[in-house]
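> What follows is a predicted protein model with its sequence.
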Amino acid sequence: MGFFSSKQTIGILGGGQLGKMLLNTTYQWDLQTKVMDPSAEAPARIACNHFVQGDLMDYQTVVDFGKEVDVLTIEIENINADALATLEQQGVKVYPQAAVLKVIQNKCHQKQFYQKNKIPTASFQLFNSKEELKDAVGRGLISFPFVWKSESMGYDGYGVQIVRSNQNLEQIKEGACMAEELVAIEKELGIIVCRSPKGETRCYPCVEMEFHPEANQVEYVLSPARISKDVAKKAEEIALAVSKAFQHVGLLAVELFLTKDGEIWVNEVAPRPHNSGHYSIEASYTSQFEQHIRALLDLPLGNTANKVSGVTVNLVGKEGHNGPVHYKNIEHILAIEGVNPHIYGKKETRPFRKMGHITIVNKELSVARKIAEDVKETIEVITK
Ligand code: ADP
């Protein structure tokens, strides 16, 4: 395997926290890395061998960066996918493949992909513009409530809105979109699947995501999910079907809804390391980051089982605080057994900005969940 202790290089597009955590494995294995990010202060900068500041959406910038590496991956989805297609044609190994990314970058195309591949998902209708959607509502073809989703550039719920009235409808952004059935959600689940170029596939255990009611951001991730064996089995079958349909290489995080009626529907996927898999650094035999690197290099995939239960708490900026960050009470949470903080290294905090995460491990999931709540109440991401 030519990558170990050699000049062959892994390129990573995006230098955020996900990139930084991928670099733990490349350090451990003495693999060369090159990272590109628009920000000179990107978190991954401190742990890569070469850093390039550049625009990830600019075709030529991405092509020029990719030409210099032997295998190229991403840690964010907003990348110029045409540049990735060009690089593939030039013989660079690009994982996830450009075609996979193209489908995922557009929420409407993603939904059509599920429909075409008979993957269970909430019902939806597509519209070319806000006007078209309003017209359909006006003619009674769609009724309130429904979920509006913008075709593109959505992340952490910013391109998603529950529409309950004409007033809500007025507030949505212009542009192509979908109206999706408002799902009666029992639990939000997630399964990370990893696939190697040979087609070897491994699933992580199903996790459960608890959401912050206002910010619409994940507050706790519990591994394993508190669900029956039957539900876990069904969720895994669906995640594997999605993985098979995409034929991706590397990680694919599959977000699922368990409905009040006991159905499991795919919400969306991300072809990269994912927040819902951070627990794996401490709780699994193989972390999601190591697994992704294994897949990129066509190495055998590692054991995805949990060694212990894990609960991850997102560390987000406190409301009312903008500016240089201070982690208040971090010494108190470090006194609790099984508490593992990860600080991403962003200099400035903003309300609800993801600044880090903390994984609590314990033999008992219920104990880890209780400690997670204490941790959440104790630590504060503020400005001094
Ligand atoms: P993003 O890509 O911005 O994360 P998602 O599509 O994952 O957007 O939606 C964010 C959250 O909004 C979901 O985790 C879920 O809580 C809620 N949501 C999304 N779609 C629906 C739906 N059809 N019905 C009910 N809630 C939904």
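On my side now, so go ahead.
> So what does the closest residue to the ligand within the stretch 101-250 of the chain look like in phi/psi?
The ligand sits closest to Val183 of the stretch 101-250 of the chain, with a gap of 3.6 Å, by C-beta to the nearest ligand atom. Where C-beta positions appear, they are placed from N, C-alpha and C, glycine not excepted. For Val183, the backbone dihedrals are phi -80, psi 140 (criterion: degrees, to the nearest 10).
> Would you work out how far apart the start and end of stretch 46-53 are?
Stretch 46-53 has an end-to-end distance of 13 Å (criterion: C-alpha to C-alpha, to the nearest Å).
> returning to that earlier point: thought the residue of the stretch 101-250 of the chain closest to the ligand was touching Trp265?
Yes - contact criterion C-beta atoms under 8 Å: Val183 and Trp265 qualify, at 6.8 Å.
> and for those two, which residues touch both?
Listed as contacting both Val183 and Trp265 by C-beta atoms under 8 Å, 6 or more residues apart in numbering are Ala122, Phe257, Thr259.
> any idea how far the first one lies from Pro205?
Same thing as Ala122. Remark: distance between Ala122 and Pro205 (C-beta to C-beta, to the nearest Å) = 24 Å.
> repeat for the second one
In this structure, Phe257 lies at 18 Å from Pro205, with C-beta to C-beta as the measure.
> Let me have the shared contacts of Val183 and Trp265 in TSV, extended by neighbour count and secondary structure.
Listed next are the shared contacts of Val183 and Trp265 as TSV, based on neighbours: other C-beta atoms under 10 Å; DSSP: H, G, I helix; E, B strand; the rest coil:
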residue	neighbour count	secondary structure
Ala122	20	coil
Phe257	20	strand
Thr259	16	strand
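> now, which of those sits nearest Ile333?
Among the shared contacts of Val183 and Trp265, Phe257 lies closest to Ile333 (C-beta to C-beta), at 31.7 Å.
> dump the residue contacts of the residue nearest to Asn322 when sequence neighbours are not counted.
Residue nearest to Asn322 in three dimensions, not counting chain neighbours: Arg350, with 5.5 Å by C-beta to C-beta, 6 or more residues apart in numbering. By C-beta under 8 Å, 6+ apart, the residues touching Arg350 are Gly317, His321, Asn322.
> Look up how far Thr383 lies from Arg350.
10 Å.
> same question, Lys260
41 Å.
> Show me which of the two is the more surrounded one.
Using other C-beta atoms under 10 Å, the more surrounded residue of Lys260 and Thr383 is Thr383, with 15 against 11.
> how about the more buried one, what does it touch?
His321, Asn322, Gly323, Pro324, Val325, His326, Thr349.
> can you check Glu208 too?
Lys187, Glu188, Leu189, Gly190, Val221, Leu222, Ser223, Pro224, Ala225, Arg226, Ile227.
> leaving aside the residues next to it on the chain, what's closest to the fifth one?
It refers to Val221. Per C-beta to C-beta, 6+ apart, closest to Val221 is Thr312, 4.3 Å.
> The one you found belongs to a strand?
Yes - Thr312 forms part of a strand when assessed by DSSP: H, G, I helix; E, B strand; the rest coil.
> bridging residues for it?
Taking DSSP bridges, one obtains Val221, Thr359 as the residues bridged to Thr312.
> Could you report the pLDDT at the closest residue to Met57 other than its chain neighbours?
Spatial nearest neighbour of Met57, excluding adjacent residues (C-beta to C-beta, 6+ apart): Asn80 at 5.2 Å. Among the per-residue scores, Asn80 holds a pLDDT of 98.
> Helix, strand, or coil at Pro341?
Relying on three-state DSSP, one would call Pro341 strand.
> ok, now which ones touch the residue lying closest to it once chain neighbours are set aside?
Using C-beta to C-beta, 6+ apart and skipping the chain neighbours, the partner closest in space to Pro341 is Ile358 (4.8 Å). Counting by C-beta under 8 Å, 6+ apart, Ile358 touches Thr312, Val313, Leu315, Ile333, Val339, Asn340, Pro341, His342, Ala372, Val375, Ile379.
> Show the model's pLDDT score for Ser152.
Reported pLDDT for Ser152: 85.
> Over to Lys384?
For Lys384, pLDDT reads 87.
> Ramachandran angles for the residue nearest to it when sequence neighbours are not counted?
Nearest residue to Lys384, sequence neighbours excluded (C-beta to C-beta, 6+ apart): His326, at 4.6 Å. Recorded main-chain torsions at His326 are phi -140, psi 130, according to degrees, to the nearest 10.
> which one of the contacts of Ile358 has the most neighbours?
Thr312 (31 neighbours).
> returning to that earlier point: and the residue nearest to Met57, what does it touch?
Applying C-beta under 8 Å, 6+ apart to Asn80 gives the contacts Leu56, Met57, Asp58, Tyr59, Thr61, Val62.
> Please identify which of those residues is nearest to Ser5.
Distances from Ser5 to the contacts of Asn80, taken by C-beta to C-beta, are shortest for Val62, at 27.9 Å.
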